[in-house]
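1. Have a look; sequence and predicted model below, questions after that.
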Amino acid sequence: MVSTKAYEMASKQRDISVAEFFEKNRHLLGFDNTRKALLTTVKEAVDNSLDACEEADIIPEIVVEVIDMGDDRFRIIVEDNGPGIVKSQIPKIFAKLLYGSKFHRLKQSRGQQGIGISASVMYAQLTTGRPAKILSKVGPDKPAHYYELKIDTARNKPQILKDEKGENENSHGTRVEIDLEGTYVKGKQSIDQYLKQTAIVNPHVNITYVNPKAEQIIFPRVTDKMPRQPIEIKPHPAGVELGILLKMLSATSFRTLQAFLTNEFSRVGSGTAKQICEKALIPPSTIPRRIKRGDAEKLINAIKKTKIITPPTECISPIGQELLEKGLRKEINAEYYCAVTRKPSVYRGNPFQVEVAIAYGGDQTAEGSVNLLRFANRVPLLYQQSACSIFRSVADTNWRPYGLSQSNGSLPQGPVTIAVHIASVWVPFTSESKEAIAHYPEIISELKLALQEAGRKLKKYTVKKRRVKEELKKRSFIEKYIPHVADGLREILDLKRIEVSSVEKILKQMLEKKRGKLDKVGFDPSENPDYDEEFARIGSIGRDDEKKQEQEEAWENAKADDSEENEQKKEEKDQKENKQEAKTKKE
């Protein structure tokens, strides 16, 4: 009887397609509620467009249109002027999960996993049953190709419903059209806010956006200069793990260990390769494929003991202090700005660079926590703030010496906006939805150092502001008695009344000369020519509406948790019933 049950259980076991897995667990991809799903779809399409344009060295022109079709249904259209997509690749890129060109290379890009846009197509298919419509053209003398696609989730393969030549007025580019279930709202986690922040950290892009209310908003580019093109690098030996090394050794085409180390890794020359071989007690002429686990472990230990130059940094392209500060000036009318770009660093062999900008005072409210803007590889991170290492680093930094009040373990308080950007060949996100960055010690250390450096710049200004305020207070006391002193001098020196005003003027000049000229500090709205009030209002809502949105999001998250808990309880109940049934049959 037991044997029969084992065969019965074995007959039910089968492979699980990655598409089927994410179909059931779409919350892992950022589709856990309708509001977030709408934003995620726009984000994935825009990120792909920006990556394609930058890789082809084309100044990006992107059009985003969100059409309200009623009954919580929306049509999202994203069109770009990128290089286009080769016909044979269109179905795989848009209708196959875990397919792409960026996963296996060490080079900064927005996309990483080959999941994003195909996950949006799958979500649209689940909620509306409609296919994604793709139109792409690779050149002025080439035809445009039009596809209507769905995903065969059981096999994770494209299901082509229509394949024909299309019409595209542009000489090259791609147009994506997806119908899905969603909710459109304004606020901190809206499409409007995402596009606005994208424009801040991508000053070379021009975005034309039509929202569901048919209002056109243009985010104009502020520079025609393209960001520096990152160059792909090979992995650095400092970050390689035993299993990866064994995989590389078995797959290499090089015939000696020395040649393998020199050609498969960055920053390893022939001299460094010989040092590693000597410390591992393995001859440099050893054939890599014959190296077993024990010797591979010796190589790992030898690499750790060998001094190797840090990875090259041309694989990453930071925003830069000047442009990051300029982006902040456009969004926030403050009285003081500063920015910091740290030198590149490494985690697990992956180069990364941290940038921080601060806007202090001005129109910003002094009540509540600071406004924290998070970015990774020029992409805004709008969700899961408290789960992100950027948030933890800001909260764990002591801001009191820099002139801000702060409770232990929380964000500082005051009229401040802090923008933090991480650029890396591989940003370690906490999940496939790419909403929060993992807590690697090397990353947190660099974040804190960048925040402290920016904090010291802020401190210079706040200290100067306090001193000027104190000095003005002292001078006001002295200036109050100047008219009385002038009257006294008039009586002593028998001056005419008309000369009293000249005496007062001279006394004030003597005061300024003695106490020194004061630096100009404080907020002057006219001193920031970059500030765009209309731009700043995009996506913003009232404080009450913002609180309401936060409550709704918390409720939706709790609902999702309850749903998962109920499903788990149901599974446990089914397992108990199956055990009871098996026990009864045995008896």
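-> Perfect, thanks for sending it. Fair warning: this is a prediction, and the values are worked out from it, not measured in the lab. Numbering: from 1, shown residues only.

2. My read is that Lys107 contacts Glu232, right?
-> Yes: Lys107 is in contact with Glu232 according to Cβ atoms under 8 Å; the separation is 4.1 Å. The way it works is simple: take the backbone N, C-alpha and C, and place the C-beta from them, glycine included.

3. so what sits against both of the two?
-> Applying Cβ atoms under 8 Å, 6 or more residues apart in numbering, one finds that Lys107 and Glu232 are jointly contacted by Cys315.

4. And the two? Which one has more around it.
-> Neighbours per residue, other Cβ atoms under 10 Å: of Lys107 and Glu232, the larger number sits with Lys107, 17 against 13.

5. Would you mind measuring from His421 to Glu44?
-> The gap separating His421 from Glu44 is 20 Å, by Cβ to Cβ, to the nearest Å.

6. low-scoring stretches of the stretch 401-550 of the chain, by residue?
-> The model of the stretch 401-550 of the chain has pLDDT under 70 over residues 470-472, 474-475, 477-479, 481, 497-498, 503, 507-508, 511-523, 540-550.

7. all strands for it, in order.
-> Secondary structure of the stretch 401-550 of the chain (DSSP state E, counting those that start in this stretch): strands at 416-424.

8. do the stretch 101-250 of the chain as well
-> 132-137, 144-152, 157-166, 173-181, 206-210, 216-219.

9. Of all those strands, which one comes closest to Pro288?
-> For the strands of the stretch 101-250 of the chain, the distance to Pro288 is smallest for strand 157-166, at 35.4 Å, taking Cβ to Cβ.

10. Work out the sheet partners of the closest one and label each with its direction, please.
-> Strand pairing for strand 157-166, using DSSP bridges, gives strand 144-152 (antiparallel).

11. what's the average pLDDT for the partner strand?
-> Mean pLDDT, computed over strand 144-152, is 94.

12. Mind listing what's buried along it?
-> Applying a neighbour-count criterion of 16 or more other Cβ atoms under 10 Å, one finds 144-151 buried in strand 144-152.

13. what's the answer for stretch 379-387, then?
-> Neighbour-count burial for stretch 379-387, with 16+ other Cβ under 10 Å as criterion, is recorded at 379-385.

14. now do stretch 128-142
-> Under the neighbour-count criterion of 16+ other Cβ under 10 Å, stretch 128-142 has 128, 130-138 buried.

15. how about it as CSV, C-alpha atoms only?
-> Taking Å, rounded to 0.1, in the frame of the first residue of the first chain, the C-alpha atoms of stretch 128-142 are listed here in CSV:
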residue,chain,number,x,y,z
THR,A,128,-7.4,41.6,-19.4
GLY,A,129,-6.7,38.6,-21.6
ARG,A,130,-5.4,40.9,-24.3
PRO,A,131,-2.1,40.5,-26.1
ALA,A,132,0.8,43.0,-26.1
LYS,A,133,1.2,44.9,-29.4
ILE,A,134,4.8,45.5,-30.5
LEU,A,135,5.9,47.6,-33.5
SER,A,136,9.7,47.9,-34.2
LYS,A,137,11.9,49.2,-36.9
VAL,A,138,15.7,49.0,-37.1
GLY,A,139,16.5,51.5,-39.9
PRO,A,140,15.0,53.9,-42.5
ASP,A,141,15.4,51.5,-45.3
LYS,A,142,14.1,48.5,-43.3
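
16. can you give me the helices in the stretch 151-300 of the chain?
-> For the stretch 151-300 of the chain, helices defined by DSSP state H, counting those that start in this stretch occupy the ranges 191-201, 242-251, 257-264, 270-280, 293-305.

17. burial measure for Tyr347, as a count.
-> Counted with other Cβ under 10 Å, residues neighbouring Tyr347 total 20.

18. How about the contacts made by it?
-> Counting by Cβ under 8 Å, 6+ apart, Tyr347 makes contact with 239, 428, 440, 442-443.

19. Repeat the analysis, applying 6 Å as the threshold.
-> For Tyr347, the contact set (Cβ atoms under 6 Å, 6 or more residues apart in numbering) comprises 440, 442-443.

20. And for Gln258?
-> Listed by Cβ under 6 Å, 6+ apart, the contact partners of Gln258 are 273, 284.

21. And this protein, split by domain according to the record?
-> Following automatic domain parsing, the chain resolves into domains at 18-219, 237-305, 316-527, 542-586.

22. now for those domains, which one comes closest to Ala10?
-> Of all those, domain 542-586 sits nearest to Ala10, with 14.7 Å by Cβ to Cβ.
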